[in-house]
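**Student:** Coordinates only, no sequence provided:
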DNA sequence: TCTTAATCAGACAAAAAACTCTGAAACAAA
DNA sequence: TTTGTTTCAGAGTTTTTTGTCTGATTAAGA
Ligand code: SF4
Ligand code: SF4
């Protein structure tokens, strides 16, 4: 069960985090990545393809080809991946699903949710992959097992 | 597109909020409620049925029957509705979809997300429907149009 | 040059979520 | 007692999301 993001987005985030734990432009096959994040190879492959079109990830065909982080880790934030896969509607909609969001007619959780929504956005956007690197490496290694 | 909750849960929340805007035990048919929250009648009906089994809502069959808020608005919180429909797994899972949540091997957003998650939980649980009543009435009336 | 291993594109399949239908039971009012 | 309106239970349908397959293309290395 997902929390906020779609499965695609969760796996996309995990894959990008995995790649960011290694020097830029290091190649990994979809198989390697999928085994590491424990997800079906073809599905991971499809997700990485969409991230390729959005420019975050690069790909190389042929024998010993694979995927790699194309943008410098100092220039990619988690929100960029979310934006490329799920989009940013999440940060514009009402938690309770009410149609209009207006200051005049706020829903019962308007104020608190607005604040939490902004903080979530900040969480995903004010640190780059480079800044998250140490903790990411730690997490990735623990997945290995 | 939903933000955190399923469509069922959003509509369940809206329906309960709607009922809480009126004196306890006031009957409304599924049709009336569905028109007000702008959703298919049968779907709303199904959702209210599940809330009936969980005890938050009561129902009365037959001519001039309908649904009504069964528990005192001073004793129901939004989290109770969420719990009855979507469950509370949401508040236990990782935003990034990583399997294990441990203090030893935190994911890159562990600390911030943990905090936001708790605040979201608090937002949904520290106010009763009775306390939200004024702002709810305001919101409900604006939906009328 | 040939084999092998990889991405890519797009169709396809399965599963889950959202939504609908049908028939039965309850019951108020004519 | 009959008629009309409602919930209820469960099956059925549709749509969306998730996941798979196939065949084409690319390229490294024997
Ligand atoms: S900001 Fe508040 S009122 Fe506006 S849509 Fe979001 S939760 Fe609803
Ligand atoms: S608390 Fe942090 S590390 Fe643990 S599952 Fe949630 S986001 Fe991941």
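**Tutor:** Nice, thanks for sending it over. Predicted, not measured: the structure shown is a model, and the values here were computed from it. Numbers count the residues shown, from 1 in each chain, chains lettered A, B, ... in the order given. Ligands and ions are numbered 1, 2, ... in the order given.

**Student:** Give me the nearest residue to the residue in chain A sticking out farthest from the centre, chain neighbours excluded.
**Tutor:** Of all residues in chain A, residue A:104 has its C-alpha farthest from the mean position, at 34.5 Å, by C-alpha atoms, centre = their mean. The spatially closest residue to residue A:104, leaving aside those adjacent along the chain, is residue B:142, at 7.5 Å (C-beta to C-beta, 6 or more residues apart in numbering or on different chains). Bear in mind the C-beta positions are built from the backbone N, C-alpha and C, glycine included.

**Student:** what's the answer for residue A:108, then?
**Tutor:** Excluding its sequence neighbours, the residue lying closest to residue A:108 (C-beta to C-beta, 6+ apart) is residue B:132, at 4.3 Å.

**Student:** dump the residue contacts of the one you found.
**Tutor:** Counting by C-beta atoms under 8 Å, 6 or more residues apart in numbering or on different chains, residue B:132 touches A:108, B:17, B:20, B:78.

**Student:** what about it, distance to DNA strand C?
**Tutor:** 24 Å (C-beta to the nearest atom of the strand, to the nearest Å).

**Student:** Helix, strand or coil: sort out that residue for me.
**Tutor:** Taking DSSP: H, G, I helix; E, B strand; the rest coil as the rule, one finds residue B:132 in the helix state.

**Student:** ok, now residue A:58?
**Tutor:** Relying on three-state DSSP, one would call residue A:58 strand.

**Student:** burial count for it?
**Tutor:** Around residue A:58 there are 16 other residues, counting by other C-beta atoms under 10 Å in any protein chain shown.

**Student:** Pretty sure residue A:66 is one of the things it touches, is it not?
**Tutor:** No: the pair residue A:58 / residue A:66 is not scored as a contact, 9.6 Å apart, by C-beta atoms under 8 Å.

**Student:** Low-confidence bits of chain A, can you list those?
**Tutor:** Counting by pLDDT under 70, chain A shows low-confidence ranges at A:144-145.

**Student:** Go through the helix or strand encompassing residue A:81 and flag the buried ones.
**Tutor:** Assigned by DSSP states H and E, residue A:81 belongs to helix A:78-85. Buried residues in helix A:78-85, counted by 16 or more other C-beta atoms under 10 Å in any protein chain shown: A:78, A:79, A:80, A:81, A:82, A:83, A:84, A:85.

**Student:** between the residues you listed, which is nearest residue A:39?
**Tutor:** Ranked by distance to residue A:39 (C-beta to C-beta), the buried residues of helix A:78-85 are led by residue A:85 at 14.0 Å.

**Student:** how about stretch A:98-116, does it get close to DNA strand C?
**Tutor:** No: Stretch A:98-116 stays clear of DNA strand C (C-beta under 7 Å from any atom of the strand), getting no nearer than 13.5 Å.

**Student:** end-to-end on that stretch?
**Tutor:** 17 Å (C-alpha to C-alpha, to the nearest Å).

**Student:** Helices of chain A, start to end?
**Tutor:** Using DSSP state H, the helices of chain A run over A:7-20, A:30-36, A:41-53, A:78-85, A:110-125, A:129-144.

**Student:** List just the nearest of the contacts of residue B:132 to residue A:43.
**Tutor:** residue B:78 (34.5 Å).

**Student:** who are the neighbours in contact with the closest one?
**Tutor:** Residue B:78 neighbours (C-beta under 8 Å, 6+ apart): A:108, A:109, B:13, B:124, B:125, B:127, B:129, B:132.

**Student:** Would you show me how to pick out the buried ones of these in PyMOL?
**Tutor:** Only the buried members of the contacts of residue B:78 end up in this PyMOL selection, burial being decided by 16+ other C-beta under 10 Å:
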select buried, (chain A and resi 108+109) or (chain B and resi 13+124+127+129+132)
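
**Student:** Format the contacts of residue B:78 as a markdown table; extra columns: distance to residue B:45.
**Tutor:** Output for those, formatted as a markdown table (distance: C-beta to C-beta, whole Å):
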| residue | distance to residue B:45 |
| --- | --- |
| A:108 | 24 |
| A:109 | 25 |
| B:13 | 16 |
| B:124 | 24 |
| B:125 | 27 |
| B:127 | 28 |
| B:129 | 21 |
| B:132 | 24 |
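
**Student:** Count the residues that sit near the residue in chain A positioned nearest to ligand 2.
**Tutor:** Residue of chain A nearest ligand 2, by C-beta to the nearest ligand atom: residue A:139 (7.5 Å). Counted with other C-beta under 10 Å, the neighbours of residue A:139 add up to 23.
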